[in-house]
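# Here is a sequence together with a model predicted from it:
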Amino acid sequence: KEGSDEEGEGGDDGAAGIAQLSIAPEEMDDLLLRSFLQAAKGMKDKDLPVEVSLFYAQYMRPARPKGTILDTKKSSHKKLSTLLVSFQNAGLLRLSQAKGQTRVSEIKRSHPMYREFTPLPFEETAQGEKALEDEEASAAKTPAPIEVEG
């Protein structure tokens, strides 16, 4: 269900998405940067390299603040590849090519923006919000324990 296309469209619906329809490109740029930093803080070096569309779908989108939608088309970059090249040019990561695919091969953890970024608590991310919803749904399905007198 998660979109992992090169263009990096958001795939979430709901009231939060409606509020974000008129987001300015600069605001989307900032949201994408914060989501990248949040994702990077949660990644281990052993998770790299990773193909860019997988990086976006499996790391950046879940790391976005809850109630938001990432959509590179609404950013000043328009495409995921352009966005990540801008991050590389800023010194935040290193991209590489292998077998015709672009990959995120290194997160520059010494970069001041990375070092100064304070990640959101897990429950304030889209992934944390989904985990909480899943937990609540599971609890609702669990029958109450039957007490046996003995």
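Done, it's in.

# which residues does the residue nearest the centre of the chain contact?
What sits nearest the mean C-alpha location of the chain, by CA atoms, centre = their mean, is M60, with 2.0 Å. Contact partners of M60, counting by CB atoms under 8 Å, 6 or more residues apart in numbering, are L32, S35, F36, A39, L70. (Each C-beta comes from the backbone N, C-alpha and C, glycine too.)

# Ramachandran angles for the last one?
What that stands for is L70. Phi and psi for L70, reported as degrees, to the nearest 10, are phi -90, psi 130.

# what sits against it?
Residues near L70 by CB under 8 Å, 6+ apart: G8, G10, M28, L31, L32, S35, Y56, M60, R61, R64.

# can you list the residues you listed in CSV and add distance to L93?
Formatted as CSV, the contacts of L70 follow (distance: CB to CB, whole Å):
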residue, distance to L93
G8, 15
G10, 21
M28, 19
L31, 17
L32, 13
S35, 13
Y56, 13
M60, 12
R61, 17
R64, 17
